[in-house]
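Asker: I would like to see how this sequence folds:
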Amino acid sequence: MKRAYSPKDIAAKKWVTLPWGEKWNKPFGFPAENASWFISGASASGKSSFVMQLGKELCKYGLVLYLSYEEGVNQTFQRRMEYLKMNEVQGKFRVVVDETYEELIDRLKKPKSPKFIIVDSYQVSEWEYPDAVALMKRFPKKCFIWISQEKKSQPMGGGAIRLRYICDMKIRVVGYKAYCQGRAIGEAGSYYVVWEEGIIQTSNNL
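Answerer: This next block holds a predicted model:
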């Protein structure tokens, strides 16, 4: 029989949280380092820039592995890295483009393997929902960040919708603003500014 937790057991649990500054804790609170993230957004919403900015911030707290399944390392990806000065985290940030599920497991089993894993995108990875869940259960001390395409303002596909439900941090990027939509204890109504000029342009167009 599996263990049943009492209120006292749950109250005694301790979490190592991300000690980031107001720019991040105001919209997202102080999530655990191993919290799971689900980030969605329409095309041209600022989602890719937000994910890269989040990856750069997380480099302060451990190695980051970016699985660029959707874009690969194309010209747009290169320009985004240059614009966000990713060279500043040269020793902490790595990108792979065609690693299989099994190869990723082998990589994460190694000593000093990445602490934060960004999967961009869940749909292009072609992994099934049980694969994603199994990966998080196998490496419970690591942080998995799932990026999702959208269709009609919702995560694309039943597997992505199910994955969103179980993730700790649910983020949606709209009009160059990243909003937390669940389980974080951030300031109500706040959002992360992905690109200030883009917000101004969008507002003017509206």
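Asker: Run through the strands of this structure in chain order.
Answerer: Applying DSSP state E to the chain gives strands spanning 37-41, 64-68, 93-96, 116-120, 143-148, 150-151, 154-155, 169-174, 177-180, 192-193.
Asker: From residue 111, how far out is the most centrally placed residue in the chain?
Answerer: Nearest to the mean C-alpha position of the chain, counting by CA atoms, centre = their mean, stands residue 145 at 3.2 Å. According to CB to CB, to the nearest Å, residue 145 stands 22 Å off from residue 111. For glycine as for every other residue, the C-beta is placed from the backbone atoms N, C-alpha and C.
Asker: what do you get for residue 71?
Answerer: In terms of CB to CB, residue 71 sits 30 Å off from residue 111.
Asker: Could you do residue 140 as well?
Answerer: For residue 140 relative to residue 111 (CB to CB), the value is 17 Å.
Asker: More neighbours: which of those two?
Answerer: Neighbour count, other CB atoms under 10 Å: between residue 140 and residue 111, residue 140 has more, with 7 against 4.
Asker: contacting residues for that one?
Answerer: residue 34 (CB atoms under 8 Å, 6 or more residues apart in numbering).
Asker: What of residue 93?
Answerer: Counted by CB under 8 Å, 6+ apart, residue 93 has contacts 55, 56, 59, 63, 64, 66, 86.
Asker: Just give the nearest non-adjacent residue to the fifth one, would you?
Answerer: Read it as residue 64. residue 116 (4.5 Å; CB to CB, 6 or more residues apart in numbering).
Asker: What's opposite that neighbour in the beta bridge?
Answerer: Beta-bridge pairing for residue 116 (DSSP bridges): residue 64, residue 143.
Asker: And it, how far from residue 151?
Answerer: The value you get for residue 116 to residue 151, if CB to CB is used, is 27 Å.
Asker: Compare those two and say which is more crowded by neighbours.
Answerer: The residue with more neighbours, out of residue 116 and residue 151, is residue 116; 24 against 12, by other CB under 10 Å.
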